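Colleague: Need a 3D model of the following:
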Amino acid sequence: MHLITKDFSLQIRIYTDLHKSASSRFFRFRWFVTWPVLGIAAVSAQEKITYEDHIAPIFEQSCLNCHNPDKTKGGLDLSSYPNVMKGGSSGKVVEPEDLSSSLLTSVMRTTEPTMPPEGDAIPAAQVELIKRWIEGGLLENKSSRGQVAKKIAIPLSSSSSPLQAPTGPLPMPQDLLLEPVRTAPRGSAIHAIAASPWAPLLAVTSLEQVMLLHSESLQLLAILPFPEGEPISLAFTPDARYLIVGGGIPGKVGTTVTFDVTTGERVLAIGKEFDAVLCADVRPSFDTVATGSPSRRVKLWHTHDNTAKISIKKHTDWVTALDISPDGILLATGDRNGGVLVWEAETGGDFHTLRAHQAAITRALFRPDSNVLATSSEDGTIRFWEMNGGAEIKKIDAHPGGVRGFDWARDGTSVSIGRDHKVRLWKPDFSLAKELGTVPHLPTAVALDPEAKRAFVGDVQGKIHVIQISDAKIIATRRNHPPSIATRLASLEKKIALHPQEIAALQDRQKQSQQQAAQWQASVNEAQALVPQKQQAAAQQQAQLDQTKRDLDATRQQKQLKVTEREQLMAAHAAIPATDEATQGQQREAVATIERQIQELDAKEVSLNAQYQQTQSQLSQSQAEHQQAAQRLKESQEKLSLSQKQQQEIQAQLHAMQQGLIERKRSLIHWKAAQINTTHLAIKQQARQKDQQFQDLTSQFLRAAKELSSHSTAWQAEQKKLHELSSTTTSPADPDLPKKRKTLERNLRKIARARQLKEKELLSLRQQIDQQSADRVAAQAQQRTLYENYLRQRSQSVE
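Modeller: This next block holds a predicted model:
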C-alpha cells in the first residue's frame, strides 16, 4: 500500500515473517522502508527532524535486527523512543546537541562498535539526518519540544587547593643514594613520570629503580631502589612529601612501596598481587592504598596490616589507571576496555559510572581541587567530568590514534601526549592553549610542573624531553638510565686530565692569532700612513693641472687676440697708398712684431699643452695609487677585525674551558662525595641492622633473665614446701608422705635443670650481646667516619 505524508512519500511494503522469538511465540511484522529516488535529501533544511518521522525508519531498516525488544544487543533497544533515550548497558547512547554521542560515532563508523556491524554502512544522507536530529534536541514527534544540553555549573579553573603548600622547607631529597641499582647502555621505555605538586622535583621510572631529578637543573638527586621488580606507576601525595611506586614482575608478583622523598625511607610496602601493579595511589590520611592490576580488580589495602580490606570486581578488563582525589574522598579507576568508575576512597562504595570512552583508559587524574576528573583514552579523546553528578563537562578530540598521557598543573592548565607524537597544552577552560611540538619517538608518559612552566615527556626509547612552555622548545633531553658513579668519575678524570692539552692547543691558536693580528695591524698602520700621502700628491697634481689649464687657456686667448690684431693691421696696410712708403714700413714692422708674438704664444701653447698632458698622466697614476692604498687599508682592516674577532672567540673558549674545568672539578668532588655516601649509606644500613640485632638480643636477654628469676622463685617455693614437709608433725605412718616428698624433689630437679639451661642461655646471650655490641659500636663509628668524610669531601672548594 502507499502512504502519502505531508512532507514526503514512503513506499512501505509489509509482510509477515513467521518468526518465533526465543522468549515468546508471536508473529512479528517487519517493516521495510524504501525511500524515493532522492531519499533523505528530500527533507527540507527547515523541517523539524523527529524520531517518529525520520529516525525510526532508519533504525527499522538498519538496526532492529540486533536492537529490538527480543534481542537487545548491548542492552540497547532502538524500537521505541523511550528505549532509545534510556540507552544500553553502557549508558546513554545519545545526548541532545552532543555530536560525540556513541550512537552517532557508531553509525558513522568512526569508533567501535560500528553499526550495522556487517554489510554496507548507513548512507551519508541518513547519518546527516541523525546529526540534525541530535542537534535539534532529540524530538520524538512534531509536537515535541527539543531537549536542551545540560549546562554544568562548575568552575573552569582551580581557585584554591584543598591542601595548602607544606609549611617549612619544600620536601627535597637530602644526601640520598646516587648509585644506580642497574645500568644499561640504552634507555628503556619510561612507564611513568610524576612532578611534585610543590617542590622542583621530578620522579622517573627506570630499571628496578626510580630516579629523582631536580626539575629545573635536571641534576640527579636520588635513586630509590625498587628491588620488587619494574616500577610502572608513580604518584606524589598532595603534600609532596611521599611518593608511591607501583610495579612488580609481570605475571608473577606485584606490590607498592611508598618513599619519603626527603630521607629515601620506605615508609610503606603494601600490596600482595600475583601480577604487576599497573596503577596505585595512597590516601592523604595514609590509612588506605589503592591498586589496579591485570586481575581486573581494584583493591583497597589496610596500611596497618597490609591486608586487602576491599576487592572490587566491577571492571571488565585490566585496570590501567587509578587516582585518589587530593582531598582523599574519591577514587577513580579506568580499565583497558574504556570503562571509568568512581568510588568512595574509604569504603569502596559506588559513586559514579562514567561511560563514554571507546578504548583503553591511559590516565585518570583529579584536578588539584578535586572537583574535576580527567580521563584520557586510546580512543583519542580526553574527557572531563564533574564529581557532583558525574556529568561530562567537556570532551576534547586531543590526539588521533590515541592519547598516551595527561597531567594537570595547579591552576587547571593541562598537558597531553598522543600516538601522533604531539605534545599539546590546554587552558583551564579546556581549549587549546599551545602546540608544544613533537617528540621523535612514541611518547609514553608526561608530567607538567606545578607552575606550568615546563613539560616533561618520556618516550619508548627511555628519553626524557624537557619542553619550555614559554617558547614551546625542547631545551634538554636526559636518559632514564644514569651511568654508575665509577663511570662518571672515570669520564670526569679523563676530561680533567686532557684539559691541559686542550688549553695548550687553544693557547697556541691564540698566540698565532695574536701574531697575525699584529701583522695586520702593521699593515693597517702602513696603509693609514700611505693613503694621505697619495691623497696629498694627487691633490697637488690636480692643483698643478688646474693651473696649467688656466695658463693654457690664457695663452690661447692672447694668441687669438694677436691674430685678430694682425688681421686688422694687414687690412689697414692694404689701404695705405703705395706712395706712402714710410707708413707702409711702419705697418710692416707692426705686423712683423705681432707675427713674432704669435709665434711665441704658439710655442708657449705647445709647451703648456705638453705640460698639461704630463700632469694629467701623473694625476691618473697618483689617483690609482691612492685607490690601491685605500683598498689595501680596507683589506688590512677587515683582516685585522677578523683576527680580533677570532681572538675574542678563542678568549671566550678559554674562559668557557676554564669554567668547564671548574664545573668538572666540582662534579668530581660531588661524585666522589656521592661514592663515599654510597658506602656510608650501606654501612648505615648495616649499623641499623646490627643495632636492631643488639636490641633483639637485649630483649631476649631480659626475657630470659625474667624467666630465670621466675625459675628461682619457683625453686624457692618448692624448696620451702619440701622443708615444711620435712619439719611437719604428720604421722610417719602417713602413706602420702613419701609420694609428696618425691614429687617435690622431682620438681626441684626439673626447676634446677631449667635454671641451668636458662643460665647457659643467658651466658650465650651475654656473649652474643657483647660481640654484637662491639660490632654495633664499630659499625656506628665507621658510619660516623664515613659521614664525616662525605661532608668533608662535599665541602671541598675548587682551586
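
Colleague: CA only for contacts and neighbour counts going forward, please
Modeller: OK.

Colleague: tell me, which helix in this structure spans the most residues?
Modeller: helix 581-726 (DSSP state H).

Colleague: just checking, what packs against the helix or strand that it is followed by?
Modeller: Remark: after helix 581-726, the chain's next helix or strand is helix 737-794, criterion DSSP states H and E. Secondary structure elements in contact with helix 737-794, counted by 3 or more C-alpha pairs under 8 Å, 6 or more residues apart in numbering; DSSP states H and E, are helix 581-726.

Colleague: Just want the angle from the longest helix of the chain to helix 737-794.
Modeller: 170 degrees (axes from the mean of the first three to the mean of the last three C-alpha atoms, to 10 degrees).

Colleague: can you tell me the average pLDDT over helix 581-726?
Modeller: Averaging pLDDT along helix 581-726 gives 89.

Colleague: A helix includes residue 323, no?
Modeller: No: assessed with DSSP: H, G, I helix; E, B strand; the rest coil, residue 323 is strand; it does not lie in a helix.

Colleague: Now do the longest helix of the chain: which elements does it pack against?
Modeller: helix 485-575, helix 737-794.

Colleague: closest one to residue 53 among those helices?
Modeller: When the helices and strands packed on helix 581-726 are compared by C-alpha to C-alpha, helix 485-575 sits nearest residue 53, at 76.1 Å.

Colleague: Who are the packing partners of the closest one?
Modeller: helix 581-726.

Colleague: Redo the helices and strands packed on helix 581-726 as a markdown table? Include mean neighbour count.
Modeller: Compiled in a markdown table, the helices and strands packed on helix 581-726 are given as follows (neighbours: other C-alpha atoms under 10 Å):
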| stretch | mean neighbour count |
| --- | --- |
| helix 485-575 | 16 |
| helix 737-794 | 16 |
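
Colleague: Kindly reformat those as CSV containing distance to residue 127.
Modeller: Output for the helices and strands packed on helix 581-726, formatted as CSV (distance: least, C-alpha to C-alpha, whole Å):
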stretch, distance to residue 127
helix 485-575, 63
helix 737-794, 71
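
Colleague: could those helices go into a markdown table alongside mean pLDDT and distance to residue 72?
Modeller: A markdown table is the format used below for those (pLDDT from 0 to 100; distance: least, C-alpha to C-alpha, whole Å):
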| stretch | mean pLDDT | distance to residue 72 |
| --- | --- | --- |
| helix 485-575 | 89 | 64 |
| helix 737-794 | 90 | 72 |
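
Colleague: circling back to that earlier point, quick one: distance of the longest helix of the chain to the chain centre.
Modeller: Relative to its parent chain, helix 581-726 has a centroid offset of 32 Å by C-alpha atoms, centre = their mean, to the nearest Å.

Colleague: With stretch 717-727 instead?
Modeller: With C-alpha atoms, centre = their mean as the basis, the mean position of stretch 717-727 lies at 85 Å from the chain mean.

Colleague: what does stretch 192-210 give?
Modeller: 11 Å.

Colleague: And that stretch, end to end?
Modeller: 10 Å (C-alpha to C-alpha, to the nearest Å).

Colleague: Please apply the same query to stretch 358-369.
Modeller: Terminal-residue distance, stretch 358-369 (C-alpha to C-alpha): 27 Å.

Colleague: Stretch 195-203 now?
Modeller: 6 Å.

Colleague: tilt between the longest helix of the chain and helix 485-575?
Modeller: Using the same axes, to 10 degrees: helix 581-726 against helix 485-575 is 170 degrees.

Colleague: what are the ranges of the strands in the stretch 51-200 of the chain?
Modeller: 193-195 (DSSP state E, counting those that start in this stretch).

Colleague: That one: helices as residue ranges?
Modeller: 56-62, 81-86, 102-107, 124-135 (DSSP state H, counting those that start in this stretch).

Colleague: separation between residue 373 and residue 350?
Modeller: On the measure of C-alpha to C-alpha, residue 373 and residue 350 end up 16 Å apart.

Colleague: Looking at the two, which has the bigger crowd around it?
Modeller: Neighbours per residue, other C-alpha atoms under 10 Å: of residue 373 and residue 350, the larger number sits with residue 373, 23 against 15.

Colleague: In this structure the more buried one contacts residue 386, no?
Modeller: Yes: Residue 373 sits in contact with residue 386 when judged by C-alpha atoms under 8 Å, with a separation of 6.5 Å.

Colleague: Would you map out the domains in this protein?
Modeller: 2-135, 193-403, 496-646 (automatic domain parsing).

Colleague: Report the mean per-residue pLDDT for the second one.
Modeller: On average, the pLDDT along domain 193-403 is 96.

Colleague: Repeat that for the first one.
Modeller: Confidence for domain 2-135, expressed as mean pLDDT, is 64.

Colleague: didn't residue 636 look like it was pressed against residue 520?
Modeller: Yes: between residue 636 and residue 520 a contact is recorded at 5.7 Å, counting by C-alpha under 8 Å.

Colleague: Give the closest residue to residue 443 in space, chain neighbours not counted.
Modeller: Of all residues not flanking residue 443 in the chain, residue 459 sits nearest, at 4.0 Å (C-alpha to C-alpha, 6 or more residues apart in numbering).

Colleague: In CSV, list the helices of the stretch 51-200 of the chain along with distance to residue 736 and mean neighbour count.
Modeller: Converted to CSV, the helices of the stretch 51-200 of the chain look like this (distance: least, C-alpha to C-alpha, whole Å; neighbours: other C-alpha atoms under 10 Å):
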stretch, distance to residue 736, mean neighbour count
helix 56-62, 104, 19
helix 81-86, 92, 16
helix 102-107, 96, 22
helix 124-135, 105, 18
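
Colleague: how about those helices in TSV, adding distance to residue 246?
Modeller: Formatted as TSV, those follow (distance: least, C-alpha to C-alpha, whole Å):
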stretch	distance to residue 246
helix 56-62	47
helix 81-86	39
helix 102-107	34
helix 124-135	43
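
Colleague: so which of those helices comes closest to residue 663?
Modeller: Smallest distance to residue 663 across those (C-alpha to C-alpha): 58.3 Å, for helix 102-107.

Colleague: Just the buried positions in stretch 347-364, please.
Modeller: 348, 351-364 (16 or more other C-alpha atoms under 10 Å).

Colleague: contacting residues around it?
Modeller: 90-91, 101-102, 111-112, 300, 310, 312, 320-323, 332-344, 373-379, 381, 389-390, 403-406 (C-alpha atoms under 8 Å, 6 or more residues apart in numbering).

Colleague: Show me which of those are buried.
Modeller: Applying 16+ other C-alpha under 10 Å to the contacts of stretch 347-364 flags 91, 101-102, 111, 300, 310, 320-323, 332-344, 373-379, 381, 390, 403-406 as buried.
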